[in-house]
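what's the 3D shape of this:
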Amino acid sequence: MKKGRISKEEEKFIRENLNLGFESLATELDRDPESVLGFIKKKVAKGDFYTPDWMEEPDSEEQAQFDLTFRPYWNELRQQFTEDELKLFQYHWARIISQFKDDVIPTEELQVVDLIKLELLMNRSLKNNKENIEQISSFEGLIQQLRAVDADQQVESVTVSNQGEGYTYGSVDLVAGGVPTGTTARPTFNVIIPPPGGHGFDIYRELGAMNVLLYSRIENDQTNPDFITGNHIARVGVIDSPQSTGAALLTIDKASACNALRLTGTGYSTATFTPDAYFEQTIGTGETAVGRVINYDSVTGVLKYWQDRTMAGFNTVGTGQTQPEWGYNQNLFTSSPTDGGSLTIVPSTGSNLAINTSFSGVSTSINNRTYYLGQEFDEGISGPEVRRYSGDIIYVDNRPSIVRSVNQKEDIKVILQF
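Residues are numbered from 1 along each chain as shown. This is a model prediction of the structure:
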């Protein structure tokens, strides 16, 4: 059976007879079937061979793992890591790259490489730390055995009474310290100075980590429809420690910062509200609540909106108005208007609607089908699930605006360097 590299003549024969199958080709060439199969997979991945009928198309993870071996930095990685670490590197690489569906620019690719390197180095450090602990336990057991044989000539313990500061290495001088050591077989000690808290206490600082990879997907969810459709989105950000409306840290995976009304009326399913348009409710004599439309769901009658300073005596740049249209108070929508007020909400088109004060809950049944609204309603009104102004904004990215549709998904990738 032949060994070594496949010749040009053999490669040409394989290319012209791919549909015979790798086992038949190996028999014809007097080669090992596994080596012939590996050669064919390599050529198919590089695009030199077409994919024969008997070979399954590699999935995205297998393809990404194979493509990694053709990167110019692969040889460097082979010199830096063991075989087991390289297998783990390929595993992480395939999972991350396939997750992004090959939508990775060169700068992001290098950052992914650095991220996986950090993971491997962290694992290596933890393994070494575990080995050190095991060796210490072994040595302690050996010391106990030696003490049992000749306890009078053993150093039982070393106590550091004043460790000092400002040095990176040290030694133990028993003679200078006045410790009786005898004339033969004097004990020796190695001084090991770990970082504050010990090795592995702060693994990211110890290894010099500088990158954090964040990934999120905006996807419509029938059980928790917090992501709006029919309006523009253009800003992505990261907020540290946001709070729920009860002032506790926000822990749920999705939350809405929008206000909402559940509307009712004979024409609620045909009414429309223009995105960003103003709408009003007279809550009492001379008092008006004003909101701006985010989106309206004509199936459930849920109107999501927001209120800002432009509705309370200021323009869009924060300059005060001398005669504001709705006064200087930002009034809230209510299910209990006072004298002179009403529950009426006027849509952009269609018949007048009203706040559904008889509805409370997070879901509703329409034509024997359950619809989840994403927010808790009380007498037809729902507030945000996030406490306003809570948390610290640590990253903001203003992107070209898009209008979301019902079946749309967005993958968001953010790599922070610090």
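
Now do the SS call for residue 374.
Secondary structure, DSSP: H, G, I helix; E, B strand; the rest coil: residue 374 is strand.

Count residues in the vicinity of it, would you?
Neighbour count for residue 374, taken as other CB atoms under 10 Å: 26. Quick note: C-beta positions are derived from backbone N, CA and C, even for glycine.

Quick check: it vs residue 223, distance?
9 Å (CB to CB, to the nearest Å).

for residue 294, same thing?
Counting by CB to CB, the gap from residue 294 to residue 223 is 20 Å.

Name the residue in these two with the higher neighbour count.
The neighbour comparison of residue 294 against residue 223 (other CB under 10 Å) goes to residue 294, with 19 against 9.

What confidence value was assigned to the closest residue to the more buried one other than its chain neighbours?
In space, residue 294 comes closest to residue 304 once its chain neighbours are excluded; the distance is 4.2 Å by CB to CB, 6 or more residues apart in numbering. The model reports residue 304 with a pLDDT of 95.

helices or strands next to the helix or strand containing residue 304 in the packing?
Assigned by DSSP states H and E, residue 304 belongs to strand 302-306. Packing partners of strand 302-306 (3 or more CB pairs under 8 Å, 6 or more residues apart in numbering; DSSP states H and E): strand 259-264, strand 287-297.

Quick check: which of those has the most neighbours on average?
Among these, ranked by average contacts under mean count of other CB atoms under 10 Å, first place goes to strand 259-264 (a mean of 23).

if we can go back for a sec, how far off strand 259-264 does the strand holding residue 304 point, in degrees?
150 degrees (axes from the mean of the first three to the mean of the last three CA atoms, to 10 degrees).

just checking, next helix/strand downstream of strand 302-306?
Moving toward the C-terminus from strand 302-306, the next element (DSSP H and E) is strand 344-345.

just to revisit the earlier point, what's the closest of the helices and strands packed on strand 302-306 to residue 14?
Evaluated over the helices and strands packed on strand 302-306, closeness to residue 14 peaks at strand 287-297, with 58.4 Å, by CB to CB.

quick check: angle from the closest one to strand 302-306?
Using the same axes, to 10 degrees: strand 287-297 against strand 302-306 is 120 degrees.

now the strands for the chain?
211-219, 232-240, 259-264, 278-284, 287-297, 302-306, 344-345, 353-355, 361-366, 369-377, 381-382, 392-403, 409-417 (DSSP state E).

Report the helix or strand with the lowest average pLDDT across this structure.
Lowest on mean pLDDT, DSSP states H and E among the helices and strands of the chain sits helix 60-68, with a mean of 68.

can you count the residues close to residue 363?
For residue 363, using other CB under 10 Å, the count is 12.

For it, give the beta-bridge partners.
Bridge pairing for residue 363 (DSSP bridges) gives the partners residue 372.

Now do the nearest residue to residue 19 once chain neighbours are set aside against residue 2, distance only.
Closest residue to residue 19 apart from its sequence neighbours, by CB to CB, 6+ apart: residue 52 at 5.4 Å. Distance of residue 52 to residue 2, given as CB to CB: 22 Å.

check contacts around residue 99.
residue 215 (CB atoms under 8 Å, 6 or more residues apart in numbering).

so how far is residue 92 from it?
Counting by CB to CB, the gap from residue 99 to residue 92 is 11 Å.

want to throw the helices and strands packed on strand 302-306 into TSV with mean pLDDT and distance to residue 356?
Formatted as TSV, those follow (pLDDT from 0 to 100; distance: least, CB to CB, whole Å):
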stretch	mean pLDDT	distance to residue 356
strand 259-264	96	4
strand 287-297	93	13
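
List the residues that contact residue 209.
Per CB under 8 Å, 6+ apart, neighbours of residue 209: residue 118.

Then the one 5 residues further on?
Each residue near residue 214 by CB under 8 Å, 6+ apart is listed here: 238, 412-416.

Give me the below-cutoff pLDDT ranges for the stretch 51-200 of the chain.
56-66, 101-102, 142-156, 177, 179-186 (pLDDT under 70).

which residues touch stretch 227-239?
By CB under 8 Å, 6+ apart, stretch 227-239 touches 214, 218-221, 254, 258, 275-276, 294-295, 304, 391-406, 408, 412, 414, 416.

Pull out the buried positions in it.
Under the neighbour-count criterion of 16 or more other CB atoms under 10 Å, stretch 227-239 has 227-228, 236, 238 buried.

repeat for stretch 105-124
108-109, 111-122.

ok, back up a step: from the contacts of residue 214, which is closest to residue 311?
residue 238 (28.5 Å).

Quick check: bridge partners of the closest one?
The residues that residue 238 bridges to, once DSSP bridges is applied, are residue 395.

Got the confidence number for it?
91.

try residue 396
Reported pLDDT for residue 396: 91.

Quick one: residues contacting it.
235-237.

what sits against residue 339?
284-285.

and it, how far is that from residue 329?
18 Å.

Likewise for residue 406?
Distance from residue 406 to residue 329, by CB to CB: 37 Å.
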